[in-house]
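Novice: Structure for this input, please:
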Amino acid sequence: MFTFAYPAVFSRDEDGRWLVSFPDFRTAHTDGADVSEAMEQAIDCLGSSIAFAMVDKTNVSKPSRLKRGQKLVPVPLWVVAKLALYWAIRELGMSQSELARRLRVRETVVRRMLDPNHDTRQEKIQAALEVLGKRVVMVYDDAA
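Specialist: Below is the predicted model of the structure:
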């Protein structure tokens, strides 16, 4: 089982704002007036960073280990399933056209499934993950 959350460093600046940076996404930075706002902004920033990497077809590394002083920031739900599919295709070295063939759909359907800006029905992504031997499982847990 895999948790869709990345470590982040939360620190305060001289004005008392909370700054957030991600070791796994060197260019991703955000802030907030308090810890709660900083976490909200961090979730949004993380989702955007992942989405940009997917659109650019660059590697989206799996999260590094949480280190002392870091907090886990969950991947926003709107991109979790698409990221899982993105990783599965890349791990298998499969082309989008091959996945489309296996799903018996046009390649444009697969491209839309992988497009973080396209609203895809989750059932389609689940079906694609099943074909690849993967699935996304939702877990309900207490906030840390």
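
Novice: what about Ala38, helix or strand, and which?
Specialist: Using DSSP states H and E, Ala38 sits in helix 35-55.

Novice: Now do the buried residues in that helix.
Specialist: Across helix 35-55, burial judged by 16 or more other C-beta atoms under 10 Å covers 38-39, 41-43, 45-51, 53-54. Any C-beta I mention is one placed from the backbone N, CA and C, and that applies to glycine too.

Novice: so after that helix, what's the next helix or strand?
Specialist: Taking DSSP H and E, what comes next after helix 35-55 is strand 70-74.

Novice: so what strands line up beside that next one?
Specialist: strand 5-12 (antiparallel) (DSSP bridges).

Novice: Now do the domain split for this protein, please.
Specialist: 5-74, 77-131 (automatic domain parsing).

Novice: closest one to Asp141 among these?
Specialist: domain 5-74 (10.1 Å; C-beta to C-beta).

Novice: For that closest one, measure first residue to last.
Specialist: End-to-end distance for domain 5-74: 4 Å, by C-alpha to C-alpha, to the nearest Å.

Novice: Now do the same contact list for the spatially closest residue to Pro7 that is not a sequence neighbour.
Specialist: The shortest distance from Pro7 to any non-neighbouring residue, by C-beta to C-beta, 6 or more residues apart in numbering, is to Gln70 (4.2 Å). Gln70 is in contact with 7-10, 23, counting by C-beta atoms under 8 Å, 6 or more residues apart in numbering.

Novice: Which pair in the residues you listed has the greatest spatial separation?
Specialist: Using C-beta to C-beta, the contacts of Gln70 reach their maximum pairwise distance at Phe10 and Pro23, which is 12.3 Å.
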